[in-house]
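A.B. asks: Build the 3D model from these lines:
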Amino acid sequence: MSKIEVYVQVNEEIEELKTVEKVLYGAIKKENLENVSFNLIIVDNNYIHNLNKKYRNIDKETDVITFALEDEDSVIIPEGERILGDIYISIDRAKSQAKEYGHSLLRELSFLAVHGFYHLLGYDHQTKEEEKEMFQKQEEVLEENDIRRES
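C.D. replies: Predicted coordinates for the structure are as follows:
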């Protein structure tokens, strides 16, 4: 049985997270995964800026950052289980990007969460081919959950 833990480290209620969690479970199902777990952590710009600076040497905030445990050789994971890692999303950036792109906060949070999920699975967008594959998977998950750009 797969498990997603959602942590909100900002002082506000984010109603959209229930739907975002459902979308992530849809992504797990789409990828035919079983017994996976990961964390979705909602933070502010300052927190994600510090993570980005410390772990990526990039001195600015970002919208989403992931830490994939399967990339770490030092992590021992119990047999039959996949602990994927952590997805951090800046609620501040999600709100500003939703406004900038003209869609809902639900759409932006869902996109960032699914984007982070595929990073945890090892997908990337360093080349055009990688980007095409990853973004196609993301869009399919969002469409299957009726999360559209105009929603």
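
A.B. asks: can you tell me which residues contact Ser87?
C.D. replies: Careful, residue 87 is Ile; it's not Ser. By CB atoms under 8 Å, 6 or more residues apart in numbering, the residues touching Ile87 are 38-41, 64-66, 113, 116-117, 119-120. Just so you know, the C-beta spots here come from the backbone N, C-alpha and C atoms, and that holds for glycine as well.

A.B. asks: so where's this protein shaky on pLDDT?
C.D. replies: 71-79, 150-151 (pLDDT under 70).

A.B. asks: What segments of it are strands?
C.D. replies: Assignment of strands within the chain using DSSP state E yields the ranges 3-8, 36-43, 64-68, 82-90.

A.B. asks: Quick check: which of those strands is buried the most?
C.D. replies: Of the strands of the chain, the one with the most neighbours on average (mean count of other CB atoms under 10 Å) is strand 82-90, at a mean of 22.

A.B. asks: Do a quick rundown of the helices in the chain.
C.D. replies: 17-30, 45-56, 91-101, 105-120, 128-144 (DSSP state H).

A.B. asks: what's the longest one in contact with?
C.D. replies: Think helix 128-144. By CB under 8 Å, 6+ apart, helix 128-144 touches 23, 26-27, 30, 107, 110-111, 114-115, 118, 123-125, 148.

A.B. asks: try the fourth one
C.D. replies: Identification of contacts with helix 105-120 by CB under 8 Å, 6+ apart yields 14, 16-17, 19-20, 23-24, 27-28, 38, 40, 63-66, 68, 70, 84-85, 87-89, 94-95, 97-98, 101, 134, 137-138, 141-142, 145, 147-149, 151.

A.B. asks: what is the orientation angle of that helix with strand 3-8?
C.D. replies: If you take axes from the mean of the first three to the mean of the last three CA atoms, to 10 degrees, helix 105-120 sits at 130 degrees to strand 3-8.

A.B. asks: go on, the shortest one?
C.D. replies: Between the axis of helix 91-101 and that of strand 3-8 there is an angle of 90 degrees, by the same axes, to 10 degrees.

A.B. asks: Mind listing what's buried along helix 91-101?
C.D. replies: 91-94, 97-98 (16 or more other CB atoms under 10 Å).
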